[in-house]
Structures are given as C-alpha cells and as structure tokens.
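In: Sequence and computational prediction follow.
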Amino acid sequence: MRHFLIQALLMLSAIPLIAGAVTQPDFGPNVLIFNPSMPAAAVQKQIDAVYAIQRRNEFGPERNAFLFAPGKYNVDIPVGFYTQVIGLGASPDDVQITGNVHADASAEHNNATTTFWRGAEGFSITPTTGAMQWAVSQAVPFRRMHVRGDMLLHQHNGWASGGWMSDSLIDGNVGSGPQQQWISRNSEWGSWTGANWNMVFVGVVNAPAGEWPAPPYTKITNTPIVREKPFLQIDAAGKYSVRVPSLRSNSAGITWRAGSTPGQSIPLSEFYVAKAGIDGADTINAQLGKGKNLLLTPGIYKLSKPIRVIRPNTVVLGLGFATLLPINGTAAMTTADVDGIILSGLFFDAGAQTSPVLLQVGPKESKGQHLENPICLHDVFFRVGGAAVGRTSINFEINSNNTIVDHTWIWRADHGSGVGWTSNTSANGLVVNGNRVTIYGLFVEHHQEFQVLWNGEGGRTYFYQSEIPYDPPDQASFTSAPGTHGWASYKVADSVTNHEAWGLGVYSVFRHPNVVLTRAIEVPRKPGVRFHSMITVCLDDKGEISNVIDDAGGPTSIHPRVTPRVTTFP
C-alpha cells in the first residue's frame, strides 16, 4: 500500500512547476521538481511523504530525487535511503535553502553506521540551528555544496562510518566527532575538528594541522587529476542541460569560486531519458547506438543483457540511485575502450544468477591510451545481497588505461536478506587491469577473496576503507595460499613495479572463532611500490589481522585494544 501512496503523491507533482518555462521534461513519477513560487507547506508535504517511506527503507525498492530550481526556499529536508537532493543552478548559491537538510542515524542510540545510499548536491543550506547534521556512512555523496554555518558528521556523538565530501564550501567548522574515517577532496572550510582512525584530505584548502599517526591525518596538497561529477542544471528560460566539468590537474579547492563550474553544457535533448519498468537493455542500447547520452531516472532497471556504452564521450548520469540489476547472469554494464566516457550516479545490484562481473570498463586486454581524455566514474556503488540473494564473481573490473574513479562503495552485504557464506557469493570487489588508474575514495567490503586485486601499472589510490568478510566459517574456507591465512584486503600483484596509495584502513569483524588474516595489505617489495598511512583494527572479540602490510605492523588485539599503524612502507 505504501508504494501506491507515494506514487500518487509524486505523480501529482509531475505538472510543470517552472513559471513560464518550456515543456517540462518527463523524468517520471519518482522525481519531484520544486520551484520557489510553490508554497513552502506544499513543498514540505511532498518531502515528508517521501521520507515517511525512505526513513527506514534500507533494502526497499523505492528510489527518489528532489530537484530544486534556482531560488530561495524555507523547508526542512530529512534525507532518507535512496534519496538524492539536487540543486539545479549553475552554482550551488543559485539554490538557497534556509531551514534544515539532514541525514540522521538509521539505527538506535544515534548509530549511523548503516546510514547508506543518499546524497546532496549543488545547493546552499543555511541551517537555522547553526549546524547541519550529516550523520552518514558509506555511499553518501556530498558534492558542490555550500553550508552557511557549521557541519556535523555524526548524530549526538554516535557511531558513524563515512564518508565523502568534494567540491564543497563550509563557512564554519566541520566536526567529524566519532566518524571512523573520511575523505575530503577539493573542499574548503573555516576549520576542521576531530579524528578517529583514518582521515584523508586531497586538494583541500585549510586542511587541519597535524600529521599521521597522531592525529591520523593524511594530506595531499593538490589533487593530481580529476573531473568533477556532471550535474543537471536549468537556465532562466527553463531549458535543461547536463554540465560536464572540465578536467583539472594539480588542483586545490572548489570549482565554483568564480560562479559556475568550468566545462561544457550538453542539452538534455541529446540524452535519452530512461525509466525503470519501461526501458530495458535493448531500448537503451538502441538509443546509445544512435549517439544519445543516457539519463537514468530513479528506479530499478531489471536487465536481461548488459547496457553497452560504446561511443567516445558518452555521458551516463543516474538520478536517485538508479539501480541496475542483471537477471540472467550477465554483466549489468560494459564499456568500449574509448576516450572520455563518463559514468555517474549508478547503483549496481547483483542478481540471483551469478554474473561474471557487474561493471566492466573496457574489454579485457584493452590497449587504448586516454591520458588527455580519460574515462571517468563518479559515485558508482555496488551491492551483493541484502535486498535479496545476489551473486557475482567480480563487482567492478577496470581494463581501460587512464581511468579515474571518484568515489565508490563495493559492498558484499553483511546483513539483510540473502546473506551467508554460500548465499551472496562474491570473490572480488575491484580488479584493476588497466595502467595509470587513479581512485579517490575507495570503499570495498566483505568479499570472499581479495577485496582489491591490482594488476595494472602506475595505480594511485587516495583513501581506502575495507572491512574483510565477517562470515568465513573456518580457516580452511579463508586461505589464499599455503601458510597464508585469508586473502589480503588490498593486493598488488607480484608483477607490478609501480603503485602508490595513501590513507588505508582495514578492519576485521570475524563472527567465527579461530579465523585470522595474515596481512591486510600484500605488495611486492619493489622501489616503485609505496604505501603511506595505514591502520588495522579488530572490531570484535574473535580473530586478528596479524600484520598491516606484508610482514610489518604486527597483530591487532581487542583485549587489550591494539590498533597497529604503519606510516610508510617500505
């Protein structure tokens, strides 16, 4: 019944809301478009109706996006599961919200460690309490935001396991509190307070004072290469376009200091606007083959075959955690090995039949060089189990050279439906075969072999968070080689001669006795392979991680609490 109630409310909002605008795009019933001329009470009623469903809806099928046209609003926006709040201005300051925008703890006792899958992008917020609460964990993008006050990354000092911030300006203080880890990229603030295990700052203006390991801050002054995530925008005439930001090198701070973000705008007419339940893989592939870009509106797309992105410079943009679910044991999406493909805002959910891979970037043995126009991925999330039984061998495989990944969470579920060692099977979260692949914000958890297997040369990772699997039933089920217990979380292949990573945290929560992991990170001893700022933590009373990286660091312990740290290796 709840599904039909929310659909009815959303359909009422589908009428054009921009005064004097051209014909409103049909984004389907799961997108609410707000205009400042609407009464605040009417806006609030629709927001509250969505939150009533999404507040506790961790594994539900509903997906939603709120789009705010430029102007001023006075509302309270609680952001629930699978909900994306987006400002449609060229600059975040074009959409000004006074009141509250907040992500709250999903569990009791202010526990935000399961506050997943929600996002805020492209607007300014003036919190009437003086501080915006953003108590979140994984898969919660916070992009192109302006907070006119302070920001709290927790709820009343409760646990949290986040998180991601990029291209954002916070006028006051960011209080991280008990956040276990965090990555901030190309952002600015008045001040930052707090630290726990692993806090990484890349291209951040006014990064906090101090160095790893006390406090556990890892700072990289400039972001070596990145393109900000594309975003939907609307002009004064009511015409929609997708802004594709320019590629930046050696950058620090936000892109929109002088107004709009540098880049190019693609008219929405050059996108195929797909809707779940209506458009399948055949329809979408036909449109991509005709040269269209792709905008996936919120919903679950059940795919009988992969979506194939084959044309250079194709932009694929998902709204409201658009979810791609393969139903025949195939990949959900593959790309050609061509320049400039951009994939953003996509949620890959494994089906019951085992897929060889969920997302494959470039076919195996890709040879193209994309240095001047790299393939870019932003906010791509993966789930195996949790909503139902899901199975895959590899979640995310990168074969193309010069690929940039800007925030990903690759999760084999540790709770929910269809969860168990022989139920939601998944060998690897990420396999990198391409050369010169750069990743910012790499979160990979609970897979049954290597969480990350890096075979390509010249890889770079800025921030890594990983819990190894909870559920190996015994050591024999979790052994990678004779004399080696378990599978390292982050594995650099023995053949690799050049690789570097900064800010890595690997954690254990073994549920069965007598299961240990020999090493959290496993790398070849070569001059070009370098790691910085690493920590391991045992979060439960069973097992241990015996070393941080190769034979360095020593074991974790819960009684007494021992959290080994390694500053540099070798």
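Out: Nice, thanks for sending it over.
In: hey, let's count contacts and neighbours off CA atoms from now on
Out: OK.
In: following the element among helices and strands of the chain having the smallest mean pLDDT, which helix or strand comes up?
Out: Sorting the helices and strands of the chain by mean pLDDT, DSSP states H and E puts helix 2-12 at the bottom, at a mean of 44. Proceeding N to C from helix 2-12, the next assigned helix or strand is strand 31-34, under DSSP states H and E.
In: Give the pairing partners of that following strand; include direction for each.
Out: Using DSSP bridges, the strands paired with strand 31-34 are strand 64-68 (parallel).
In: Next one: residue 427 relative to residue 357, how far apart?
Out: Plainly put, residue 427 is 10 Å away from residue 357 if you go by CA to CA, to the nearest Å.
In: between the two, who's got more neighbours?
Out: Ranked by neighbour count (other CA atoms under 10 Å), residue 427 and residue 357 place residue 357 first, with 25 against 18.
In: Identify the bridge partners of the more buried one.
Out: Beta-bridge pairing of residue 357 under DSSP bridges involves residue 394.
In: cool, residue 303 as well?
Out: When bridges are called by DSSP bridges, residue 303 pairs up with residue 326.
In: Could you pull up the contacting residues of it?
Out: 280-281, 324-328, 332 (CA atoms under 8 Å, 6 or more residues apart in numbering).
In: With residue 545 instead?
Out: With contact set as CA under 8 Å, 6+ apart, residue 545 has these partners: 508, 516-520, 536-538, 555-556.
In: Nearest to residue 132 among the residues you listed?
Out: residue 537 (29.7 Å; CA to CA).
In: Test my guess that that closest one contacts residue 509.
Out: No. Checked against CA atoms under 8 Å, the pair residue 537 and residue 509 is beyond contact range at 9.1 Å.
In: In terms of neighbours, single out the busier of these two.
Out: Set residue 537 next to residue 509 and count neighbours by other CA under 10 Å: residue 537 wins out with 24 against 19.
In: In a strand, residue 285, correct?
Out: No. Inclusion of residue 285 in a strand is not indicated when DSSP: H, G, I helix; E, B strand; the rest coil is applied; the result is helix.
In: Give me the neighbour count for it.
Out: When neighbours are counted by other CA under 10 Å, residue 285 comes out with 20.
In: Next one: residue 92, what pLDDT does it get?
Out: Confidence at residue 92, expressed as pLDDT, is 98.
In: residue contacts, it?
Out: 122-124, 144-146.
In: Now that we have those, which of them are buried?
Out: With burial judged by 16 or more other CA atoms under 10 Å, the buried subset of those is 122-124, 144-146.
In: Please enumerate the shared neighbours of residue 427 and residue 357.
Out: 392-394.
In: Quick check: of the residues you listed, which has the highest neighbour count?
Out: Top of the shared contacts of residue 427 and residue 357 by neighbour count (other CA under 10 Å): residue 392, with 29 neighbours.
In: Residue 53 - that's part of a helix, no?
Out: Yes. Checked against three-state DSSP, residue 53 lies within a helix.
In: can you offset everything so residue one is 888?
Out: Renumbered: residue one is now 888, and that last one reads residue 940.
In: ok, it - how many residues close by?
Out: 17.
In: sec struct for residue 1192, please.
Out: Per three-state DSSP, the secondary structure class of residue 1192 is coil.
In: How about residue 1266?
Out: At residue 1266 the chain is in strand, as set by three-state DSSP.
In: Pretty sure it sits against residue 1025.
Out: No. Judged on CA under 8 Å, residue 1266 makes no contact with residue 1025 at a distance of 10.8 Å.
In: Which one's more surrounded, the two?
Out: Between residue 1266 and residue 1025, residue 1025 has the larger neighbour count (other CA under 10 Å), namely 27 against 24.
In: contacting residues around that one?
Out: Taking CA under 8 Å, 6+ apart as the test, what residue 1025 contacts is 1001-1004, 1048-1051, 1296, 1330.
In: which of the residues you listed are buried?
Out: Buried by 16+ other CA under 10 Å: 1001-1004, 1048-1051, 1296, 1330, out of the contacts of residue 1025.
In: Let me have those residues in a markdown table, adding distance to residue 969 and secondary structure as columns.
Out: Output for the buried ones among the contacts of residue 1025, formatted as a markdown table (distance: CA to CA, whole Å; DSSP: H, G, I helix; E, B strand; the rest coil):
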| residue | distance to residue 969 | secondary structure |
| --- | --- | --- |
| 1001 | 13 | coil |
| 1002 | 10 | coil |
| 1003 | 8 | coil |
| 1004 | 5 | coil |
| 1048 | 18 | coil |
| 1049 | 16 | coil |
| 1050 | 16 | coil |
| 1051 | 16 | strand |
| 1296 | 14 | strand |
| 1330 | 18 | strand |
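In: Which member of these is positioned nearest residue 947?
Out: When these are compared against residue 947 (criterion: CA to CA), the nearest one is residue 1004, at 11.5 Å.
In: any idea how far that closest one is from residue 1442?
Out: Using CA to CA, residue 1004 is found at 33 Å from residue 1442.
In: what do you get for residue 1201?
Out: Relative to residue 1442, residue 1201 is positioned 47 Å away (CA to CA).
In: who's more crowded, the two?
Out: For residue 1201 and residue 1442, the more surrounded residue by other CA under 10 Å is residue 1201, and the numbers stand at 22 against 19.
In: residue contacts, the residue lying closest to the more buried one once chain neighbours are set aside?
Out: Once flanking residues are discounted, residue 1201 sits nearest to residue 1228: 4.9 Å by CA to CA, 6 or more residues apart in numbering. Counting by CA under 8 Å, 6+ apart, residue 1228 touches 1196, 1198-1202, 1261-1263.
In: go with 7 Å
Out: Residues in contact with residue 1228 (CA atoms under 7 Å, 6 or more residues apart in numbering) are 1199-1202, 1262-1263.
In: closest to residue 1447 among these?
Out: The closest of the contacts of residue 1228 to residue 1447 turns out to be residue 1263 (CA to CA; 43.9 Å).
In: where are the low-confidence patches of this structure?
Out: 888-909 (pLDDT under 70).
In: re the thing from before, keep only those of the contacts of residue 1228 that are in helices.
Out: Counting by DSSP state H, the contacts of residue 1228 place none of their members in helices.
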